[in-house]
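Trainee: Let me see the structure of the following:
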Amino acid sequence: MSPSSSVIVAIATPVGEGALGVVRLSGPGCIALIDPFFARPLVQGKSRVAMFGVLRDSAGEAIDEVVLTLYRAPGSYTGEDSVEISCHGSPYILSRVVQLCIDAGAGMAAPGEFSQRAFLNGKLDLSQAEAVADLIASQSAAAHRIALGQLRGGVSNEITDLRGQLIHFASLIELELDFGEEDVEFADRNELRRLVDHIRERIAALTTSFRLGNAIKHGVTTVIAGRPNAGKSTLLNALLNEERAIVSDIPGTTRDTIEETINIGGVNFRLVDTAGLRTTSDSIEAIGVARALERVRTGQVLVYVFDVIETAPATLWADLDELYRPDLQLVLVANKMDLNPYTQFSHYFGSDYAGRWAVDEEDFVPMIARDKANLGYLQQRILAAATGGTGALDQNQVVLSNGRHYAALTRADEALARVDEGLRSGISHDFIAMDIRQSLRDLGEITGEITTDDLLGNIFSSFCIGK
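Mentor: So this is what the prediction gives:
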């Protein structure tokens, strides 16, 4: 990253031709840097005022007619003096504007450097800065809502409040250490235990929301699997509402994966139709089966389709046990119910079932895929399996969608669990203070109150250039 005292420049709009393109500059002296090349004087220009004029190169040749906007520190995105140059969206024009700035002394911005400067200058905390990248990458209304809520401080406010409550007691415990020889207690242990329980409950609510937030942010790989002729491709077509996959009575018709994306309840699902699972001597079909098993191993939701006429309970159990993974969510589709309308969940998963899956009646979806019968309920169950509930996003709900935040909260909770255990067992002040400090550090990493160069480099390097 360039030092914050330097001027940086980058194109802030996507690559390619367009009606408009934007070049951004930021850093002390950026206004004076561009002033000699613009038709109107800028150094005394007002902040947040757009000016129209011709931008010329060092030889006086016109580059383009532009709209130039000044942002004076601290009233800018980065907290520094900034300039935005809106010109025609020709890649040639944009490159000439950038080169003009570089020739005048600006440095090319690294990925995320504008946002990093905003963080370093106190315009955003770290979780808000990460929300900027999420907002740019959002591909659904729900993903947009979560990112915007985080940008507005939803997660930050929650973490700041938790840290504030914990810091009060941490200071009292630290005070006790200063008077260790006198064996005094400034912190009420019962009140501290209640606070620890309260904070852990709030952390649990946030970490539980991560399954929903992660699904909304990244989408959910959903694998449709089952034996040949169970109705997998018919089900895919029903979910997509189009004839995407070839449907045939001949077993082994699907020999490779077919992938399409749909949106259910604001969550993007990547549906993967797979080859029928069976032992086969056909080398091509065998490759398809191997690919199907691999997709199940890497998927997040398994929609297992079985034929209620052809599939015995023991066969179904054996197939499911082969596909079991503790973190894989299961939805069972009992297909071709028109041929056996009295099929019930207990016929397959009664008291005799001793398999590895913890299944219940809600996981069992009776269907006639050919007629799209019960399709709406299947969509509800897929959404619930992916999000850990109904999938509904409350307007005021704080939802965690960042894996780094989830990991930090998990570590903070583990430290608080040690605090709770220490309070119950009467452990010395030193160890309690150490675990409280660790929890505060973990919470502080989320908002950036505790940072390292490696952490910042890892976060901002994933941003696009120009943001």
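Trainee: Would you mind listing the buried residues in the helix or strand of the chain with the lowest mean pLDDT?
Mentor: Each helix and strand of the chain was given a mean pLDDT (mean pLDDT, DSSP states H and E); the minimum falls on helix 283-298 at a mean of 74. Of the residues in helix 283-298, those with enough neighbours to count as buried (16 or more other C-beta atoms under 10 Å) are Glu285, Gly288, Val289, Arg291, Ala292, Leu293, Arg295, Val296. All C-beta atoms are positioned from the backbone trio N, CA, C, and that covers glycine.
Trainee: now stretch 315-334
Mentor: Residues of stretch 315-334 classed as buried: Leu316, Trp317, Asp319, Leu320, Leu323, Leu328, Gln329, Leu330, Val331, Leu332, Val333, Ala334 (neighbour count, 16+ other C-beta under 10 Å).
Trainee: Figure out the length between the terminal residues of that stretch.
Mentor: 14 Å (C-alpha to C-alpha, to the nearest Å).
Trainee: Show me what it is in contact with.
Mentor: Stretch 315-334 is touched from outside by 225-227, 231, 235, 277, 293, 296-297, 299-306, 308, 343, 348, 353-357, 359, 363-367, 369, 378, 381-382, 385-386, with contacts defined as C-beta atoms under 8 Å, 6 or more residues apart in numbering.
Trainee: which among the residues you listed end up buried?
Mentor: The neighbour-count test (16+ other C-beta under 10 Å) marks 225-227, 231, 235, 277, 293, 296, 299-306, 308, 343, 348, 355, 357, 359, 363-367, 369, 378, 381-382, 385-386 as buried among the contacts of stretch 315-334.
Trainee: Could you measure from Ala384 over to Thr207?
Mentor: With distances taken as C-beta to C-beta, to the nearest Å, Ala384 is found 18 Å from Thr207.
Trainee: next one: Ser115
Mentor: Ser115 sits at a distance of 26 Å from Thr207 (criterion: C-beta to C-beta).
Trainee: repeat for Val54
Mentor: Using C-beta to C-beta, we find Val54 at a distance of 55 Å from Thr207.
Trainee: Alpha carbons only: can I get the least confident helix or strand of the chain in CSV?
Mentor: Extracted as CSV, the C-alpha positions of helix 283-298 are listed here (Å, rounded to 0.1, in the frame of the first residue of the first chain):
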residue,chain,number,x,y,z
SER,A,283,-17.2,-46.3,-18.2
ILE,A,284,-18.9,-43.0,-19.3
GLU,A,285,-21.7,-43.4,-16.8
ALA,A,286,-19.2,-44.4,-14.1
ILE,A,287,-17.5,-41.1,-14.6
GLY,A,288,-20.8,-39.3,-14.2
VAL,A,289,-21.5,-41.2,-10.9
ALA,A,290,-18.1,-40.3,-9.6
ARG,A,291,-18.8,-36.6,-10.4
ALA,A,292,-22.1,-36.9,-8.7
LEU,A,293,-20.5,-38.2,-5.5
GLU,A,294,-17.9,-35.5,-5.6
ARG,A,295,-20.6,-32.8,-5.9
VAL,A,296,-22.4,-34.2,-2.9
ARG,A,297,-19.1,-34.1,-0.9
THR,A,298,-18.8,-30.4,-1.7
